[in-house]
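1. Generate a structure from the sequence data that follows.
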Amino acid sequence: MPRGRDRVRVLHLGDSHVAAEAFASAVRAFFVQRYGTGEGGLYLPDLLPRTGEAGSRFRLEGGWKVVPARSATDPETDLAGGWAESAARGATVRLAGPFSEGRILLGRQPAGGRVVVRVDGRVAAERRLAGPPGVEVIRVSSGAAGGHEIEIVAGGDGPVRFLGAVLDSSRQGALYFPVGVNGALASSLLKLPESSLFAQLQAVDPEVVILAFGTNEARTFEPEARLLSQQMATLVGRVRRALPAAFVVVVGPPDQARRTRSGGIAAVPARELVSRSFGAAARQEGALFVDLAEAMGGAGAVRAWSSERPPLVQEDLVHFTSPGYLRLARLLVGALDGRETMNRIPAAAAVPAGGVRFERDPSGRVRLTNQPSGAAPAPILGTARKTN
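-> Below you'll find the predicted structure:
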């Protein structure tokens, strides 16, 4: 597959499968191989180092408390459901790596304190974070490509909540941001106030958003098809409103099973219902749907995967081994793999109903979209997959 020379940012939101390093690394390798290595990264305090990029360094210094999603009670969180907070004077978030611009995500709260942001030792911004709950985005520039350092320093006169940072540049290539949370549901992101979700999605500014949930929906309660479809449709709709030009992919959960008291293996029937419901929501909202369980071989595939040597599935029959995650990633990227490289895409193009295409905006930036256009035809990446 030829290397591209375009700028592509991929945000992959999901559950424990996305959190698995073997899976995320394999998906990242696909985008890097196809489009080259981008410059920058997404840094969330409760998921590091998973969301970081090679060549970058991140440290919390001086009394920060990290609150992960499982402990969070406040709806104003980062994309992973948590945050880091400190009221200690001089407490510092330190980010170093190659970038030319940054977006710092901070939480406003009624008693919020003062924060100073420095780039390469120079003050770039100063804000007081007192006010109605919400997200404060501070944009900074390093003035040039290459290695730089950002310091986010608490003033000590009130709590400073750090929600994350996006480091970026105009360098061509792909950046892949996996945000996987153990136990996450599609509805987890709906707990975040819509204005906060919008602010954070727009700060990340991805061309591709992948929504990969469903494993926990199938196991934690008796799901209702209508509710599941409504939740996913709502989530896709919010992503579309925040990022109108982004290409949205909904991924159905991989196959899973459970062990019986007698030691046998039994199917999890709700998994198929979840896949059908997510597929219906994707079609409704015009997103691409990838049915991972069907790609694995359909219902019961996890039994075959568990019998391979070495086994591709862990003992819980839900999560995968490293070889299993590698194969699962290949199935996903195989569904996303376009027929053309981005370098060969014309300026803009029409597309049949349900099709997905690449286009270039007036600035030359490449985007993937399934929105109609009145120009000449372009290669089709894929069509929304139908479910029974």
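
2. Okay, now the unreliable bits of the stretch 201-350 of the chain?
-> 221, 338-350 (pLDDT under 70).

3. what domains does the record give for this structure?
-> Domain segmentation of the chain under automatic domain parsing yields 1-38+172-388, 44-170.

4. would CSV of those domains with mean neighbour count be doable?
-> From N, CA and C alone the C-beta is placed, and that goes for glycine too. Shown next, in CSV, are these (neighbours: other Cβ atoms under 10 Å):
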stretch, mean neighbour count
domain 1-38+172-388, 19
domain 44-170, 18
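
5. Surely Asp120 and Ser141 touch.
-> No - the pair Asp120 / Ser141 is not scored as a contact, 10.8 Å apart, by Cβ atoms under 8 Å.

6. what about the longest helix in the chain?
-> helix 225-242 (DSSP state H).

7. what's next to it, contact-wise?
-> 185-187, 189-190, 194, 197-198, 201-202, 209, 211, 213, 217, 246, 248, 250, 273-274, 276-278, 280-282, 284-285, 287 (Cβ atoms under 8 Å, 6 or more residues apart in numbering).

8. next SSE after it?
-> strand 247-252 (DSSP states H and E).

9. other SSEs contacting that following strand?
-> Applying 3 or more Cβ pairs under 8 Å, 6 or more residues apart in numbering; DSSP states H and E, we find strand 247-252 packed against strand 208-212, helix 225-242, helix 270-285, strand 288-291, helix 292-296, strand 366-369.

10. Repeat the analysis, applying 10 Å as the threshold.
-> strand 7-14, strand 208-212, helix 225-242, helix 270-285, strand 288-291, helix 292-296, helix 322-336, strand 366-369 (3 or more Cβ pairs under 10 Å, 6 or more residues apart in numbering; DSSP states H and E).

11. partner strands of it, parallel or antiparallel?
-> strand 208-212 (parallel), strand 288-291 (parallel) (DSSP bridges).

12. hang on, the earlier thing: hey, what's in contact with both of Asp120 and Ser141?
-> Common contact partners of Asp120 and Ser141 (Cβ atoms under 10 Å, 6 or more residues apart in numbering): His148.

13. For Lys191, grab phi and psi.
-> As for Lys191, its main-chain torsions (degrees, to the nearest 10) stand at phi -70, psi -20.

14. again, but for the one 4 residues further on
-> Comment: the main-chain dihedrals of Ser195 come out as phi -60, psi -40, following degrees, to the nearest 10.

15. Now for it: which residues touch it?
-> Residues in contact with Ser195 (Cβ under 10 Å, 6+ apart) are 76, 133-135, 242.

16. Relative to Ile152, how far out is it?
-> Ser195 sits at a distance of 22 Å from Ile152 (criterion: Cβ to Cβ, to the nearest Å).

17. And for Ala242?
-> 24 Å.

18. and if you look at Ala125?
-> Distance from Ala125 to Ile152, by Cβ to Cβ: 10 Å.

19. overlap in contacts of those two?
-> 104, 115-118, 138, 140.

20. Looking at those, which one is closest to Gln314?
-> Ile104 (37.8 Å; Cβ to Cβ).

21. With adjacent residues omitted, what lies nearest to the closest one?
-> Ile138 (4.2 Å; Cβ to Cβ, 6 or more residues apart in numbering).

22. ok, now which ones touch the closest residue to Gln314 other than its chain neighbours?
-> Excluding the flanking residues, the one nearest Gln314 by Cβ to Cβ, 6+ apart is Thr321, at 6.0 Å. Counting by Cβ under 10 Å, 6+ apart, Thr321 touches 20, 22, 305-306, 308, 310-315, 327.

23. Please apply the same query to Val66.
-> 45-48, 60, 82-86, 162.

24. Tell me how far it lies from Leu60.
-> For Val66, the distance to Leu60 - Cβ to Cβ - is 7 Å.

25. Spit out the residues that contact the two alike.
-> 45, 48, 84, 86, 162.

26. on that earlier part again, pretty sure the residue nearest to Ile104 contacts Arg108?
-> No - with contact taken as Cβ atoms under 10 Å, Ile138 and Arg108 are classed as non-touching, separated by 11.6 Å.

27. can you list residues touching both of those two?
-> With Cβ under 10 Å, 6+ apart, Ile138 and Arg108 have common neighbours Arg127.

28. in this structure, what residue sits furthest out from the centroid?
-> Ser262 (39.2 Å; Cα atoms, centre = their mean).

29. any idea how far Ser306 is from it?
-> Ser262 is 17 Å from Ser306, by Cβ to Cβ.

30. ok, now Gly102?
-> Taken as Cβ to Cβ, the span from Gly102 to Ser306 is 44 Å.

31. Please apply the same query to Val10.
-> 30 Å.

32. any idea how far Val115 is from Glu126?
-> From Glu126 over to Val115 the distance is 7 Å, taken as Cβ to Cβ.

33. and Leu273, what is it in contact with?
-> 214, 217-218, 222-225, 228.

34. same thing but 6 Å
-> Ala225 (Cβ atoms under 6 Å, 6 or more residues apart in numbering).

35. Kindly report the same for Ala287.
-> 236, 248, 250.
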